[in-house]
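> build me a model from this:
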Amino acid sequence: MKTVSVTVDDDTHRRLRIMAAERGTSVSAMIRDHMLSVINGPAQGDAGETEPERRRRRLAELTGEFLDKGIGLSMSDNLAREEMYQERAPR
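Model prediction:
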């Protein structure tokens, strides 16, 4: 494995350290990942999105899959309050 040195100003370095800490990684890992994405191109659906954006996108995909398969509940399937208590009433 080779080492690459990059010179940046103090403010840029500080901001990179903060960003890396927020992501739970290191500045080196962030730069390595960025360099790999430049070489390989971004992963499909992952064009520079943040973790919350990735989670929102994945949730929307799963919701769409559930709707396509008819999985889940709709409000029309819910019982009215009276119907719910009638079903529980002793007979």
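
> could you find the closest non-adjacent residue to R17?
V27 (6.0 Å; C-beta to C-beta, 6 or more residues apart in numbering). Every C-beta, even on glycine, is put in place using the N, C-alpha and C of the backbone.

> I'd say the one you found and R15 touch.
No - the pair V27 and R15 fails to qualify as a contact (C-beta atoms under 8 Å) at a distance of 10.0 Å.

> need the longest helix for the chain.
Counting residues, the longest helix in the chain under DSSP state H turns out to be helix 51-69.

> got the phi and psi for V6?
phi -130, psi 130 (degrees, to the nearest 10).

> residues in contact with it?
V6 makes contacts with I31, as judged by C-beta atoms under 8 Å, 6 or more residues apart in numbering.

> cutoff 10 Å now
Neighbour list for V6: 12-13, 27-28, 31 [criterion: C-beta atoms under 10 Å, 6 or more residues apart in numbering].

> look up how far A20 lies from it.
14 Å (C-beta to C-beta, to the nearest Å).

> return every residue with contacts to both of those two.
27-28, 31.

> which of these fall in helices?
Residues of the shared contacts of V6 and A20 located in helices (DSSP H): 27-28, 31.

> just the buried residues of those residues.
Among those, those buried by neighbour count (16 or more other C-beta atoms under 10 Å) are V27.

> now the ones in helices among the shared contacts of V6 and A20 in TSV, please, with extra columns for distance to I71.
Formatted as TSV, the ones in helices among the shared contacts of V6 and A20 follow (distance: C-beta to C-beta, whole Å):
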residue	distance to I71
V27	43
S28	43
I31	42
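
> now do the contacts for the closest residue to A20 other than its chain neighbours.
Excluding the flanking residues, the one nearest A20 by C-beta to C-beta, 6+ apart is V27, at 4.8 Å. V27 makes contact with 6, 8, 13, 16-21, according to C-beta under 10 Å, 6+ apart.

> could I get the helix or strand bottoming out on mean pLDDT in the chain in CSV with only the CA atoms?
None of the helices or strands of the chain scores lower by mean pLDDT, DSSP states H and E than helix 81-88, at a mean of 77. The C-alpha coordinates for helix 81-88 follow below in CSV (Å, rounded to 0.1, in the frame of the first residue of the first chain):
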residue,chain,number,x,y,z
ARG,A,81,-64.4,2.0,17.4
GLU,A,82,-67.9,0.5,17.8
GLU,A,83,-67.0,-2.6,15.7
MET,A,84,-63.9,-3.2,17.7
TYR,A,85,-65.7,-3.2,21.0
GLN,A,86,-68.5,-5.3,19.7
GLU,A,87,-66.1,-8.0,18.7
ARG,A,88,-64.6,-8.1,22.2
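
> done for today, thanks.
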